[in-house]
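**Student:** would you be able to build a 3D model of this:
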Amino acid sequence: MSDIRTSIDVEPIQSDPALKDRVFDALRTAVLSMDIYSVKNPPKLDERKLADKLGVSRTPVREALSRLEQEGLVKNIPRRGTFVVRKTKREIVEIIQVWAALESMAARLASINATDEELDAFRLRCNRYQSDRSTEGARIDEYSENNIKFHQDIISLSKNQSLITTARLSFAHMHSIRSSTIKDPDRTIQSVIDHMRIIEALMARETVKVEKLVREHALQLAEHVEKHVYYLD
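**Tutor:** Residues are numbered from 1 along each chain as shown. So this is what the prediction gives:
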């Protein structure tokens, strides 16, 4: 299970022409690494402290926070400050449903557009990950970094830039609830099995089958959140 973070963790950034983008990327990564649902109140981001930690002025931090607000990851409340956004259960379920449509289409396109070499590399990455754990004893956080990479790879293999851009925003919000799904061992085991089936269908370029498997896999997560993730109520 990945480390749980309830406070933002960033490191100094060296000044360069791409400073604005580097500050944005650093803050976005840090926000997505936070376990924002394990605390009672939405975490507050202090612009001055962030600038000090990053070793930059407050201007690029302010601009980065504005971009994060556009992505729906943070919200600025006048006279109170900037807070990391926490979604309701209904919002999370709806986001996952949108993701199911996006990722299933990505899988369909990947089965058509990805080269044999790209699919082989994808399979090998997944095999290395699975070889470290038995299915029976798997303690897989549904949104651990390896699992996140699995789903991001499917999106990338679609080679559809519009889909990739749209999916990036949806996945950011799904990322933030990853720590809850490890609590159900049966679900994590089923996730491993689902991934294996998806890989097999993708390698065989079974377009219709892989699209269906990926869609059902995502919708099972939506159902799990609806029934078992009580802290989002």
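**Student:** what about the strands in the chain?
**Tutor:** For the chain, the strands defined by DSSP state E cover 44-45, 74-77, 81-84.
**Student:** list the residues that contact Asp9.
**Tutor:** Shown in contact with Asp9 (C-beta atoms under 8 Å, 6 or more residues apart in numbering): 30, 33. Quick note: C-beta positions are derived from backbone N, CA and C, even for glycine.
**Student:** roughly how far apart are it and Arg123?
**Tutor:** Asp9 sits 33 Å away from Arg123, going by C-beta to C-beta, to the nearest Å.
**Student:** re earlier: would you list the strands of the chain in CSV and tack on mean pLDDT, mean neighbour count and distance to Ile95?
**Tutor:** As requested, the strands of the chain are exported to CSV (pLDDT from 0 to 100; neighbours: other C-beta atoms under 10 Å; distance: least, C-beta to C-beta, whole Å):
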stretch, mean pLDDT, mean neighbour count, distance to Ile95
strand 44-45, 95, 18, 22
strand 74-77, 95, 16, 16
strand 81-84, 95, 18, 16
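**Student:** which other helices and strands contact the longest helix seen in the chain?
**Tutor:** Longest helix in the chain, counting residues (DSSP state H): helix 89-113. With contacts taken as 3 or more C-beta pairs under 8 Å, 6 or more residues apart in numbering; DSSP states H and E, helix 89-113 sits against helix 145-157, helix 161-175, helix 185-203, helix 207-228.
**Student:** test my guess that Lys75 contacts Thr82.
**Tutor:** Yes. In this structure, Lys75 is within contact of Thr82 by C-beta atoms under 8 Å, at 7.0 Å.
**Student:** shared neighbours, the two?
**Tutor:** With contacts defined as C-beta under 8 Å, 6+ apart, the residues shared by Lys75 and Thr82 are Glu69.
**Student:** quick one on the thing from earlier: how about the longest helix of the chain: buried residues?
**Tutor:** Neighbour counts using 16 or more other C-beta atoms under 10 Å place 92-93, 95-100, 102-111 of helix 89-113 among the buried residues.
**Student:** now stretch 145-152
**Tutor:** By 16+ other C-beta under 10 Å, the buried positions in stretch 145-152 come out as 146-148, 150-152.
**Student:** equivalent analysis for stretch 211-225, please.
**Tutor:** For stretch 211-225, burial by neighbour count (16+ other C-beta under 10 Å) applies to 211, 213-215, 217-222, 224-225.
**Student:** now, which of those sits nearest Asp194?
**Tutor:** His217 (4.6 Å; C-beta to C-beta).
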